[in-house]
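**Q** The following comprises the amino acid sequence and a computationally predicted model.
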Amino acid sequence: MFPWNEIDTVLLDMDGTLLDLHFDNHFWLKLIPQELSQERAISVQEASEWVEQCYANVEGTLDWYCLDYWQQQMGLDIMALHRKLVERIQLRQDSMPFLNALKEANKSRILVTNAHPKNLALKLEHTDLSLGLDHMISSHETGYPKEHPLFWQHLFQQFKLDPSRCLFIDDNEAILQAARLAGVGYQLGIANPDSQKPNKIFDDFPAIEDYHHLLDELINP
């Protein structure tokens, strides 16, 4: 699928790409409306509609990913609620075999996430993800989400990357497109980011549902 001898660095999204997105979907689409329903004495349906409108208003911006922003908007202790669901934070079953194979193939592994630093820290605390990474960066460190070209400029400069020799893996097609426009040489989609939902269809990028499909070609390029 990829010319691995032309790839030095693999840039990896976190939620839905290395971790099961079920945690985040359940948190933001189920738990938050339930909490708002109780807090504001409104129906769960009303709370869900309000939440979805709020999300739509800032989608694709850094605020969309900012826990501090949502705590202020919703009047809820977002981190305390996160900790109620930590047992749902799970690595994809295929993530560590892939990350280990990348190491064996002498590829640099950089986590590239829009997750808020508090969210990132919680997920690192409750998984072994950090054991499979060489570096990591949250878009909040740069002031721009991955959807923005200046995020990519910052990333390339910070880690002294040749973008043409990078592979970027993400479950969001718009962000894959942003990476392509920024000059990243190779992109790959993840078709099954949430283990509890049907597969996604990618229109403009190759996509897989199991990293094991890449192991043979990675180890024997």
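**A** Nice, I can see it. Numbers count the residues shown, from 1 in each chain.
**Q** biggest helix in this structure by residues?
**A** When the chain is parsed with DSSP state H, its longest helix is helix 44-58.
**Q** got any ranges where the protein has weak pLDDT?
**A** Applying pLDDT under 70 to the chain picks out residues 221.
**Q** how about the helices in it?
**A** 22-26, 32-40, 44-58, 67-74, 78-83, 95-104, 117-125, 149-159, 173-182, 212-219.
**Q** helices or strands up against the fourth one?
**A** Using 3 or more Cβ pairs under 8 Å, 6 or more residues apart in numbering; DSSP states H and E as the contact criterion, the neighbours of helix 67-74 among helices and strands are helix 44-58, helix 78-83. Placement of C-beta: from N, CA and C, glycine included.
**Q** neighbouring contacts of that helix?
**A** Helix 67-74 has contacts (Cβ atoms under 8 Å, 6 or more residues apart in numbering) with I32, L36, C54, V58, D63, L76, D77, I78, M79, H116, K118, N119.
**Q** In JSON lines, list those residues along with distance to L188 and neighbour count.
**A** Putting the contacts of helix 67-74 into JSON lines (distance: Cβ to Cβ, whole Å; neighbours: other Cβ atoms under 10 Å) gives the following:
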{"residue": "I32", "distance to L188": "30", "neighbour count": "21"}
{"residue": "L36", "distance to L188": "36", "neighbour count": "20"}
{"residue": "C54", "distance to L188": "31", "neighbour count": "17"}
{"residue": "V58", "distance to L188": "27", "neighbour count": "15"}
{"residue": "D63", "distance to L188": "28", "neighbour count": "16"}
{"residue": "L76", "distance to L188": "35", "neighbour count": "16"}
{"residue": "D77", "distance to L188": "36", "neighbour count": "11"}
{"residue": "I78", "distance to L188": "31", "neighbour count": "22"}
{"residue": "M79", "distance to L188": "32", "neighbour count": "15"}
{"residue": "H116", "distance to L188": "25", "neighbour count": "21"}
{"residue": "K118", "distance to L188": "28", "neighbour count": "17"}
{"residue": "N119", "distance to L188": "23", "neighbour count": "23"}
